[in-house]
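In: Take this sequence and fold it.
(chains A and B)
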Amino acid sequence: GAGVSQSPSNKVTEKGKDVELRCDPISGHTALYWYRQSLGQGLEFLIYFQGNSAPDKSGLPSDRFSAERTGGSVSTLTIQRTQQEDSAVYLCASSLWGGGATDTQYFGPGTRLTVL
Amino acid sequence: GESVGLHLPTLSVQEGDNSIINCAYSNSASDYFIWYKQESGKGPQFIIDIRSNMDKRQGQRVTVLLNKTVKHLSLQIAATQPGDSAVYFCAEGGGNKLTFGTGTQLKVEL
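Out: Down below sits the predicted model:
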């Protein structure tokens, strides 16, 4: 596609439920990133995928969070047993080769998650 | 841990004036710096970047200045327009990850 797309754009869920957030990166981009943005805050790194390498999960806040990337393209971020503090905008970005921070990351519009 | 911070959370400027958004960073090992613009309801959009071996870089109506001595980064927007109203983030990188600052809200007054 022309850009990074994410779905759903908004998700409201009840505390304790599981949610799945989807990211479609730019075609041909080998690197994919997930970030979390809380209200009025900067972007918090969650996880990074690059090609077939093992993902960098160092930013995941707890074991309730997991992500996978199938076929080197689409990625799904799963949050189990959601808590109210998980409420945030979840942003996905992709870059061409993921060779480092100098590889420009292109962001999707984000998924706004609200946990009641 | 390392942090990237902004001096001012909100900046109001008159249309047509120049805007200067500042950013302080603390990781002296960072070798790459980026400015992103985020409009309401949208994801961050790349504006301009600069490597640590440079102290100035210009784009279309934007200039980024890097002062490594005091670990300071700034974004200058010339002839600010209403469409420039957004939150601006600086980010620093050194490796595969970027560390983002909190952001500055730029408001353009007519």
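
In: Alongside chain A, which residues does chain B contribute?
Out: Residues of chain B lying near chain A by Cβ under 8 Å from any Cβ of the partner chain: B:4, B:31-32, B:34, B:36, B:41-46, B:49, B:51, B:89, B:91-103. From N, CA and C alone the C-beta is placed, and that goes for glycine too.

In: Quick one: buried ones out of the residues you listed?
Out: Among those, those scoring as buried are B:4, B:31-32, B:34, B:36, B:43-44, B:49, B:89, B:91-94, B:96-103 (criterion: 16 or more other Cβ atoms under 10 Å in any protein chain shown).

In: what ranges of chain A fall below the confidence cut-off?
Out: Applying pLDDT under 70 to chain A picks out residues A:1, A:99-101.

In: Over to chain B?
Out: For chain B, the stretches with pLDDT under 70 are B:1-8.

In: and the residue of it nearest chain A?
Out: Of all residues in chain B, residue B:93 sits closest to chain A, at 2.3 Å by Cβ to the nearest Cβ.

In: Starting from residue A:89, give me the distance back to that residue.
Out: For residue B:93, the distance to residue A:89 (Cβ to Cβ, to the nearest Å) stands at 21 Å.

In: before we move on, what about residue A:8?
Out: Residue A:8 is 12 Å from residue A:89, by Cβ to Cβ.

In: Could you name every residue contacting both of those two?
Out: Common neighbours of residue A:8 and residue A:89, counting by Cβ atoms under 8 Å, 6 or more residues apart in numbering or on different chains, are residue A:111.

In: Mind checking which of these two has more residues around it?
Out: Neighbours were counted for residue A:8 and for residue A:89 using other Cβ atoms under 10 Å in any protein chain shown; residue A:89 has more, 20 against 13.

In: Spit out the contact partners of the more buried one.
Out: Taking Cβ under 8 Å, 6+ apart, one finds A:36, A:37, A:38, A:110, A:111, A:112, A:113 in contact with residue A:89.

In: tell me which parts of chain A are close to chain B?
Out: A:4, A:31, A:35, A:40-45, A:48, A:50, A:56, A:59, A:91, A:93, A:98, A:100-102, A:104-110.

In: change it to 6 Å
Out: A:42-43, A:45, A:48, A:91, A:100-102, A:104, A:107-110 (Cβ under 6 Å from any Cβ of the partner chain).
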